[in-house]
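Peer 1: 3D, please:
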Amino acid sequence: MKRKIVEGSPYPLGVTIVNGRINFSVEVPKKKSCELILYKAGSCVPEIVIDMPEEKAFGSVRYLALEEMEPELYEYNYKINGKICIDPYVREVTGHKIFGQKEDLDTHVVRGKILRHTFDWKEDTRLSIPYNEVVAYSLHVRGFTKHSSSHVKHKGTFAGVQEKIPYLQELGINQIHCMPIYEFVEHTGTYRNYWGYGKGLYFAPKAAYAFGSNVSDELKEMIYSCHKAGIEVILEMPFEEGVLPQLVVECLRFYIMEYHVDGFIINPYRVSWEMISRDPFLKGSKLIKKEDTFQNTMRRFLKGDEGMVYDVIEAIRHNTKEDGCYNYITGHTGFTLNDLVSYDARHNEANGEQNQDGPRYNYSWNCGVEGPTRKKSILAFRKKQVYNAFFLLLMAQGTPCILAGDEFGNSQKGNNNVYCQDNELSWLDWSKCKNHEELFEYVKKLIAFRKLHKVLHREEKLLGIDKFACGIPDISYHGESAWVTPGDISSRQLGVLYSGTEVGDVDCFIAYNMHWETHVFALPQLKDHKKWCLILDTTDAIETEVVLEEQKSIELRPRSIALLVGKKAEFILKDRMGEHINQTGEKEKEKVVESKKSDLPFSNDYKA
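Peer 2: Next up, the predicted model:
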C-alpha cells in the first residue's frame, strides 16, 4: 500500500479530505491505546494498522494524515484499547446493509467509508417556505414504502420516498418530516429498534435505507427531488441523552451544508434550544420541536370533553413561527387517526411487554365499540370524527403536520407504540387507499382551501383586535349569541370569525359543535352586502356552496363542524346543476347531482 504519514490536524473530528491529504481525527480517553485500521474497499481483512500514540494527542484527540492514497480504495476503523470501534463522526458505513441484522464489530464486517463529496446539486437552493405556508407530513423512511402494496420499485428506501413524491404533491404536501435516517443501533436488549431513537452514528445516513451502495448520494437524490417538487425535507434528530453540544452543532451544520436539508426536529430536553437557534450556520433553516399541547387539546375537544373551549381558542391561534412547535393530532408515538376513533385503550400485546408500554392516556374514544366492527352506525360515526379531526388540524393557524397514512385510514390495530414492530403492523398499507378515496379527496381539498385563503394561515399571530378599523377584530369568538364566547365549563361548541380585511381575503366563520346535541350558532352580521355561504358541513363531508336562507344563525347537528365564507352578491356562484342561487339566499334547487359532488372546488372562485 502506497501512503505517506504526515502530521494532521485535530480539528475537525472525523475524516476530511483537503488537497489530496486525508485527515483522521478521533477522541480517545486518556491512557488508552488507539490504532487506525485501514482495509481495502470491500475487504474484512486489515490491510495496515497505524499507531496513534497518546503523546502526540491534542487534548484527548488523536490525529494523523495520509498522503498519496486514493480514498475510494480504502475503508477504516479504529482499535481503541484492543476493541474495534466505528468512528462516531463516520460519514457512511459499509457492511451493515440488512435492517435488523446483528453485526460483530470484531469481525471487521462493518467499516467506515472514506468519501469524496461529488454530488451535483445543480441549481438546488433552500426552499425557505414560510412557516404559515407549510403543510407537513410525518413519515418513517422504511415504513412509508416497505409494504408490498406501496408498488414502488425500491421499497423501504430513500428512493421509495422519491417515487411517492407525485402522491405527496397531489395531496398538497410541501414539507416532509423524516424519522431518524442515520445509522442507529437496531437492537436494544431483546427488542428491535424500528424507530431509530437512541445511540447512533449521527453523521452517516442509514445504509439499509438505500437500495445501492452509495448511501450518501441516494439521500441527496431524494432531497434534491423533493426540492425540485417544492417539498422541504426536515430531519428528526433525537440525540441521545448526554450528547456533547459540540457534536450536535457540527452534525446539524453538516446536514445543512452537505445534504441541503431544510431543518430539524429537535428535542429541547436533550439539546439547548438557545444554542442551536443562535448558531449563525443554522440561521434560515427551520428548527422545530414537538410539543403535545395542541394534540391533547384537540383530541379532548374532539371526543367531547367539557371545559375545553378556552384551550381550543389558544390552540387555533397558536403561531408556529413564534415558538417552533408544529400542530399535530396524531404522531408516531400514539394512535393513528383511524385508531384514535376506534380504541379506548392501547393494545400493545405484540410488543411483548404485557401491554405496559406506550402512552397510557391517549384521549381517544372508540365511538361505542372497541376495535373493528361491522356496525354501520359506528363506522359512519368514526368516519365523521376522522373528518372533524382533519378539520381541527388543517383549519388552525399553526403549521399542520399529518401522520403518514392517516389520509387513507391506516391502522396499527390499536398499538400505540410500534417502536419495535418492523413488520406490516407499522408499515403503511397502501391498499387502504382504494377504500378511502373519499377521505383522501376530503383532506386534499381541505389543504387546498387552507392554502388558498390567507385568513386561515396568517403570518403573524392573531391578537383579537381590530388593527385596520374595519369594524371587526382579526379573530373573534361566538356562540348562541354573537360576540359572546361560549366559555361555560359545560360548553362543547365554539364559533370563530376570521376577518379577511387585513390580508385581502374573505371573512370566514367556522362553527365547531363537538357536543352530542344539536346547537344553534349566531352569525355575526356581514358588511358591504355580503352573504354567508355554507361551504362545508362535516356531517355530509361534501362542499355544498349554499347561501344560507337564514343569515343570522346556523344550526349544527351533533359532533359536526361547518365552514362559511362571506361573499358579495355578484360573486355568488351558480351551483353544479346550473340553477342560480339568488342574492337573498333562497336556494332555488336543493338537489345536487351526486356525480358532481367530488369535483366541487373548495372556494377557488371566492373573492373578498
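Peer 1: Now name the helix or strand holding the residue nearest the centre of the chain.
Peer 2: Central residue of the chain (CA atoms, centre = their mean): residue 138, 2.9 Å from the mean position. Assigned by DSSP states H and E, residue 138 belongs to strand 136-139.
Peer 1: Distance from that strand to the middle of the chain?
Peer 2: Chain-centre distance of strand 136-139: 3 Å, with CA atoms, centre = their mean, to the nearest Å.
Peer 1: thinking again about what came up before, next, work out how far apart the residue nearest to the centre of the chain and residue 334 are.
Peer 2: 12 Å (CB to CB, to the nearest Å). No exception for glycine: its C-beta is placed from N, CA and C like everyone else's.
Peer 1: which ones are touching the nearest residue to residue 212 once chain neighbours are set aside?
Peer 2: Spatial nearest neighbour of residue 212, excluding adjacent residues (CB to CB, 6 or more residues apart in numbering): residue 218 at 6.4 Å. By CB atoms under 8 Å, 6 or more residues apart in numbering, the contact set of residue 218 is 157-159, 205, 209-212.
Peer 1: on that earlier part again, need the residues that contact the strand holding residue 138.
Peer 2: Here strand 136-139 makes contact (CB under 8 Å, 6+ apart) with 161, 168, 171, 173, 175-179, 234, 326, 328, 331-332, 399-404.
Peer 1: Which ones among those residues map onto helices?
Peer 2: Those of the contacts of strand 136-139 mapping onto helices are 161, 168, 171, per DSSP state H.
Peer 1: start to end distance for stretch 416-430?
Peer 2: 20 Å (CA to CA, to the nearest Å).
Peer 1: Mind listing what's buried along that stretch?
Peer 2: 416-422, 425-430 (16 or more other CB atoms under 10 Å).
Peer 1: How about stretch 130-137?
Peer 2: By neighbour count on 16+ other CB under 10 Å, the buried set for stretch 130-137 is 131-132, 134-137.
Peer 1: CSV for these, including distance to residue 121 and pLDDT?
Peer 2: Below are the buried residues of stretch 130-137 laid out as CSV (distance: CB to CB, whole Å; pLDDT from 0 to 100):
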residue, distance to residue 121, pLDDT
131, 25, 98
132, 28, 98
134, 22, 98
135, 25, 98
136, 23, 98
137, 23, 98
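Peer 1: Just give me the closest of those residues to residue 567.
Peer 2: Closest approach to residue 567 among those (CB to CB): residue 132, at 23.8 Å.
Peer 1: Could you give me the ChimeraX syntax to select whichever of the contacts of strand 136-139 are buried?
Peer 2: In ChimeraX, a selection of the buried entries from these looks like this (16+ other CB under 10 Å):
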select :161,168,171,173,175,176,177,178,179,234,326,328,332,399,400,401,402,403,404
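Peer 1: What about the contacts of strand 136-139, which are in strands?
Peer 2: In strands, judged by DSSP state E, the following of the contacts of strand 136-139 are found: 175-178, 234, 401-403.
Peer 1: ok so, going back, inside helices: which ones of the contacts of residue 218?
Peer 2: Among the contacts of residue 218, the ones falling in helices (DSSP H) are 158-159.
Peer 1: quick one: which of the contacts of residue 218 is nearest to residue 473?
Peer 2: residue 158 (46.9 Å).
Peer 1: quick one, what contacts the closest one?
Peer 2: By CB under 8 Å, 6+ apart, the neighbours of residue 158 are 141, 181, 205, 209-210, 218-219, 221-222.
Peer 1: And for residue 187?
Peer 2: Contacts for residue 187 (CB under 8 Å, 6+ apart) come out as 100, 102, 193.
Peer 1: if we can go back for a sec, which residues sit against the next helix or strand after the strand holding residue 138?
Peer 2: Following strand 136-139 in sequence order, the next helix or strand is helix 141-145 (DSSP H and E). For helix 141-145, contacts defined as CB under 8 Å, 6+ apart pick out 99, 150, 152, 154-158, 160-161, 163-164, 178-179, 181, 194, 206, 208-209, 404, 422, 426-428.
Peer 1: looking only at pLDDT, what's the mean for helix 141-145?
Peer 2: On average, the pLDDT along helix 141-145 is 98.
Peer 1: got it, and stretch 484-494?
Peer 2: Stretch 484-494 comes out at a mean pLDDT of 96.
Peer 1: cool, stretch 317-325 as well?
Peer 2: Mean per-residue pLDDT for stretch 317-325: 96.
Peer 1: Next, the residues that contact that stretch from outside, please.
Peer 2: By CB under 8 Å, 6+ apart, the list of residues contacting stretch 317-325 from outside reads 130-132, 134, 273, 277, 286-291, 293-294, 326-327, 396-399, 458-462, 475.
Peer 1: Please, a PyMOL command that selects the buried ones among the residues you listed?
Peer 2: Buried residues within these, by 16+ other CB under 10 Å, are selected in PyMOL with:
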select buried, resi 131+132+134+286+287+288+289+290+291+294+326+327+396+397+398+399+458+461+462+475
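Peer 1: Narrow the contacts of stretch 317-325 to those in strands?
Peer 2: Short answer: the contacts of stretch 317-325 in strands (DSSP E) are 286-288, 475.
Peer 1: Just flag the most distant two among those.
Peer 2: 287 and 475 (26.8 Å).
Peer 1: Among the ones in strands among the contacts of stretch 317-325, which one sits closest to residue 7?
Peer 2: residue 287 (37.9 Å).
Peer 1: show me what contacts that closest one?
Peer 2: Residue 287 is in contact with 263-264, 266, 273, 276-277, 324, counting by CB under 8 Å, 6+ apart.
Peer 1: a markdown table please, covering these and showing distance to residue 523.
Peer 2: What follows is the contacts of residue 287, written out as a markdown table (distance: CB to CB, whole Å):
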| residue | distance to residue 523 |
| --- | --- |
| 263 | 40 |
| 264 | 44 |
| 266 | 43 |
| 273 | 42 |
| 276 | 46 |
| 277 | 43 |
| 324 | 36 |
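Peer 1: Closest one to residue 240 out of the contacts of residue 218, please.
Peer 2: Nearest to residue 240 among these, with distances taken as CB to CB, is residue 205, at 17.8 Å.
Peer 1: Mind listing what's buried along stretch 340-359?
Peer 2: By neighbour count on 16+ other CB under 10 Å, the buried set for stretch 340-359 is 340-343, 346-348, 350-351, 357-358.
Peer 1: just the helices in this structure please.
Peer 2: Using DSSP H, helices in the chain cover 141-145, 158-163, 165-171, 215-228, 245-259, 273-277, 293-303, 309-317, 320-323, 337-340, 376-394, 437-452.
Peer 1: Could you tell me the angle between the fourth one and helix 245-259?
Peer 2: It refers to helix 215-228. Going by axes from the mean of the first three to the mean of the last three CA atoms, to 10 degrees, helix 215-228 is angled at 70 degrees with respect to helix 245-259.
Peer 1: Give me the distance from helix 215-228 to the chain's centre.
Peer 2: 18 Å.
Peer 1: then that helix to CSV, C-alphas only?
Peer 2: Provided in CSV are the C-alpha atoms of helix 215-228 (Å, rounded to 0.1, in the frame of the first residue of the first chain):
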residue,chain,number,x,y,z
VAL,A,215,-26.0,5.7,0.5
SER,A,216,-24.9,9.4,0.7
ASP,A,217,-25.9,10.1,-2.9
GLU,A,218,-29.2,8.3,-2.6
LEU,A,219,-30.2,10.5,0.3
LYS,A,220,-29.1,13.6,-1.6
GLU,A,221,-31.0,12.5,-4.6
MET,A,222,-34.2,12.1,-2.5
ILE,A,223,-33.7,15.6,-1.1
TYR,A,224,-32.9,17.1,-4.5
SER,A,225,-36.0,15.6,-6.0
CYS,A,226,-38.2,16.8,-3.1
HIS,A,227,-36.8,20.3,-3.5
LYS,A,228,-37.5,20.2,-7.3
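Peer 1: Can you give me the buried ones in it?
Peer 2: For helix 215-228, burial by neighbour count (16+ other CB under 10 Å) applies to 215-227.
Peer 1: which ones are touching residue 206?
Peer 2: Residues near residue 206 by CB under 8 Å, 6+ apart: 141, 180-184, 196, 215.
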